[in-house]
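# Fold the following and give me the result.
(chains A, B, C and D)
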2 protein chains.
Amino acid sequence: MEKVDVFDLIERMTALMRAEERRKCTELGLQPVHLQILDYLSRCNRYSDTPAALANFLGMTRGTVSQTLLLLVKKGFIKKSSDAIDRRIVHLALLQAGEAILKNARSSELFNQASLILRENNFLNQEEVFVKALLALQKANKSQSFGLCKTCRYFTRSSEGLMCGLTHEPLSQSDSEKICQEHSVA
Amino acid sequence: MEKVDVFDLIERMTALMRAEERRKCTELGLQPVHLQILDYLSRCNRYSDTPAALANFLGMTRGTVSQTLLLLVKKGFIKKSSDAIDRRIVHLALLQAGEAILKNARSSELFNQASLILRENNFLNQEEVFVKALLALQKANKSQSFGLCKTCRYFTRSSEGLMCGLTHEPLSQSDSEKICQEHSVA
DNA sequence: TAATTATGTATCGAATCGATATTTGTTAAT
DNA sequence: ATTAACAAATATCGATTCGATACATAATTA
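Residues are numbered from 1 along each chain as shown, chains lettered A, B, ... in the order given. Below you'll find the predicted structure:
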């Protein structure tokens, strides 16, 4: 078994997701944080739908969150209402427009496709599950997969060593373990 | 087997990691993108260390990336050098200061600890591996875990239904499947 | 009343996009 | 060969928006 750090793989998936998210946000004219907030509000319970909780969740300052919330209110994505008992507390809730945006942004197909791909398999050890999940994400991501060189379809091993089938250049062991922009999943 | 979407779990892990990253960046006086760039440069091969590849990887415009790179150069984290053959192309490389920052930022203990926790276990099905990985992350994250209500140590099932052991309030099925800021891992 | 908690506000530097410009490379035609 | 035309990689500029800091306000608690 090769030594693979599971959380290293998760980091790689995260990077793919971040890029996807940024692209989607640019389309919609939003910031990644905005989607993250809408997503959080759609998933959190009644003890956790406050600005302070959001700030903790996002790792941002309260002031910043406060401003971002103003924007989202102005855009009609969320609404505020003050707590009946403790009137310092503000409860946040998604409005229809917010849910619509979120739904639009979520169904990027990326995950749906990746899920399908992943479901087709059955594996034994932990690492492999994550490896396959990452591959599934890369495969579902039409644009570019940015995978490890040695997992690329053009990567070849011969008696003379490692080689890139695109550039026909020899590769070192270290080369083959790095991220390549030309990476292509079989 | 409960129906769990693996990529849903990955999204949740991503959220935890993002928050961690943001906090770390605020400490270091950097933006998340800066760390992402340094990280990418530490992992990419010689075909992929260009501004354009970075822009694709990050899902940002070339203009933005260009400016961010200027900043990182000014701070002494990276250097540029033009390609010997095609002089339109710029190659980016980490400098010592950049590697130092990266190393500092990476060793947040979060992953190391989570890895340890995860390694203690052995599981059978796919979903469970991801569930455990998420739990490991939440456990390693000292601040707040933001987990699902029903995975919280204070969550209880009795003959009268579901209940939160902190607030002593009854919970609906839907409540128990939402994120809670008070979530605490056993 | 003092201390604490939850949130809002004002300011200012910094990051972002989008468009345009610059440099280098490639192609095709003369 | 030479030149022109197009394409590719990156840089620059201006308008806009974001986000952190520091301070202010209001409600709650001890």
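
# Buried residues, the worst-scoring helix or strand of chain A on mean pLDDT. List them.
Here the helix or strand of chain A ranked lowest by mean pLDDT, DSSP states H and E is helix A:110-119, holding a mean of 76. For helix A:110-119, a neighbour-count test (16 or more other C-beta atoms under 10 Å in any protein chain shown) marks A:110-111, A:113-115, A:117-118 as buried. Every C-beta, even on glycine, is put in place using the N, C-alpha and C of the backbone.

# Looking at those, spot the one nearest DNA strand C.
A:Leu110 (18.2 Å; C-beta to the nearest atom of the strand).

# hmm, back to that, would you format the buried residues of helix A:110-119 as JSON lines with distance to B:Met13 included?
Shown next, in JSON lines, are those (distance: C-beta to C-beta, whole Å):
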{"residue": "A:Leu110", "distance to B:Met13": "16"}
{"residue": "A:Phe111", "distance to B:Met13": "14"}
{"residue": "A:Gln113", "distance to B:Met13": "20"}
{"residue": "A:Ala114", "distance to B:Met13": "15"}
{"residue": "A:Ser115", "distance to B:Met13": "16"}
{"residue": "A:Ile117", "distance to B:Met13": "19"}
{"residue": "A:Leu118", "distance to B:Met13": "15"}
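
# Please parse chain A into its domains.
A:6-20+A:108-177, A:31-106 (automatic domain parsing).

# between those, which gets the lowest average pLDDT?
Across the domains of chain A, domain A:6-20+A:108-177 has the smallest mean pLDDT, namely a mean of 83.

# what distance separates it from the middle of the whole chain?
15 Å (C-alpha atoms, centre = their mean, to the nearest Å).

# So is that domain next to chain B?
Yes: using C-beta under 8 Å from any C-beta of the partner chain, domain A:6-20+A:108-177 reaches chain B at A:6-7, A:10-11, A:13-15, A:17-20, A:111, A:114-115, A:118, A:122-123, A:126, A:129-130, A:133, A:137, A:143-144, A:146, A:149, A:164, A:167, A:175.

# Which of the three states applies to the closest residue to A:Ser81 other than its chain neighbours?
Leaving out its chain neighbours, the residue that sits closest to A:Ser81 by C-beta to C-beta, 6 or more residues apart in numbering or on different chains is A:His91, at 5.2 Å. A:His91 falls in the strand class when you classify it by DSSP: H, G, I helix; E, B strand; the rest coil.
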